[in-house]
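Novice: with the sequence up front, the predicted model follows.
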Amino acid sequence: MSLHLISFKTCPFVQRAVITLKHKGIEFDVTYIDLADPPDWFLELSPLKKVPVLEVDDEVLFESAVINEYLDEITGGELQPKDPLARARNRAWIEFASDMLGNLYQMKMSKDQERYQRYRAELEDQFRRVEKHLGDGPWFNGEQFTLADTAFAPLFRQDSVADGKLSVIDPAILPKVAAWGKRLLELPEVRDSVVSEFEDLYLQAMEKNGSYSLNRLAA
Ligand SMILES: N[C@@H](CCC(=O)N[C@@H](CS)C(=O)NCC(=O)O)C(=O)O
């Protein structure tokens with residue numbers, strides 16, 4: 001079977017799939033596209049015109065959560081809780097993480113203070129909910145590392161750009177979130193899930209968007 005991932009270099013949703021692929025040691029190859037100028041073949045291939053897309057031989061899979069469940073299921077399924085209710089809750093939190101990724105992106109790219117504060121407040125409220133969910137760790141659901149961990153990890157990677165100077169995670173307020181995020185970022189599959197120029201590309205995107213938080217950092 002051949003697995004071919006279509007990627008955009010700074011996309012956190014693609015990163016989720018790469019983390020799962022690397023965690024599982026699954027062979028795959030990658031094609032990077034420019035979402036600002038997507039090729040016609042991609043627009044034809046991707047039903048929502050979004051990345052990630054995973055080509056499995058001649059089949060096309062899309063949506064990061066679905067791709068990750070598939071990757072897990074073909075390799076033993078240990079990244080999902082066995083109990084149906086726990087599995088359903090995990091899926092719900094993965095959806096929650098997707099919403100957080102949207103808010104984090106909007107916050108980082110916001111041009112003005114008002115908009116920045118609005119997204120930041122929303123994100124802080126979401127992190128407080130995650131803090132309440134977390135137990136003694138080490139992972140989102142305790143001892144078992146699951147797809148929730150691979151789904152949230154890109155959030156911590158994006159939060160940590162610029163040496164963490166733009167982070168919204170205050171360890172005094174969110175001690176469990178901070179410890180969990182640090183643990184995730186130390187994993188080799190998370191560290192190696194982005195291209196070497198990720199940081200530069202992400203900061204360039206912020207600059208291009210006239211990012212309020214980046215401008216404040218430089219001032
Ligand atoms: N729900 C999707 C979200 C994917 C997504 O938003 N990808 C962005 C890049 S990070 C994209 O392809 N955007 C292109 C567009 O919206 O046209 C998933 O989980 O895979």
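Specialist: Structure received.
Novice: which residue lies nearest the spatial centre of this protein?
Specialist: When Cα atoms, centre = their mean is applied to the chain, the residue found nearest the centroid is Pro154 (3.0 Å).
Novice: I'd assumed Met100 was in contact with that one.
Specialist: No: at 10.1 Å, Pro154 does not count as touching Met100 under the criterion of Cβ atoms under 8 Å. Yep, even glycine has a C-beta here, placed from its N, CA and C like the rest.
Novice: circling back: what helix or strand is the residue nearest to the centre of the chain on?
Specialist: According to DSSP states H and E, Pro154 maps onto helix 147-159.
Novice: and that helix, what does it pack against?
Specialist: Taking 3 or more Cβ pairs under 8 Å, 6 or more residues apart in numbering; DSSP states H and E as contact, the helices and strands that helix 147-159 lies on are helix 12-24, helix 64-73, helix 84-109, helix 175-186.
Novice: now for the longest one, which elements pack on it?
Specialist: Of the remaining helices and strands, those touching helix 84-109 by 3+ Cβ pairs under 8 Å, 6+ apart are helix 12-24, helix 64-73, helix 113-133, helix 147-159, helix 198-208, helix 212-218.
Novice: can I get those in TSV including mean pLDDT and distance to the ligand?
Specialist: Putting the helices and strands packed on helix 84-109 into TSV (pLDDT from 0 to 100; distance: least, Cβ to the nearest ligand atom, whole Å) gives the following:
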stretch	mean pLDDT	distance to the ligand
helix 12-24	98	4
helix 64-73	98	4
helix 113-133	98	16
helix 147-159	98	9
helix 198-208	97	11
helix 212-218	95	19
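Novice: including distance to Val190, could the ones you listed go into CSV?
Specialist: Conversion of the helices and strands packed on helix 84-109 to CSV gives the following (distance: least, Cβ to Cβ, whole Å):
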stretch, distance to Val190
helix 12-24, 6
helix 64-73, 14
helix 113-133, 17
helix 147-159, 5
helix 198-208, 12
helix 212-218, 23
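Novice: minimum distance to Asp57: which of those helices has it?
Specialist: Between Asp57 and the helices and strands packed on helix 84-109, the tightest spacing by Cβ to Cβ is seen for helix 64-73, at 12.7 Å.
Novice: just the buried residues of that closest one, please?
Specialist: Buried positions in helix 64-73, judged by neighbour count with 16 or more other Cβ atoms under 10 Å: Ser64, Ala65, Ile67, Asn68, Glu69, Tyr70, Leu71, Asp72.
Novice: tell me who's in contact with the nearest residue to the last one once chain neighbours are set aside.
Specialist: So the one you mean is Asp72. Nearest residue to Asp72 in three dimensions, chain neighbours excluded: Leu79, at 4.2 Å (Cβ to Cβ, 6 or more residues apart in numbering). Under the criterion of Cβ atoms under 8 Å, 6 or more residues apart in numbering, the contact list for Leu79 reads Thr20, His23, Lys24, Asn68, Asp72, Phe145, Thr146, Leu147, Thr150.
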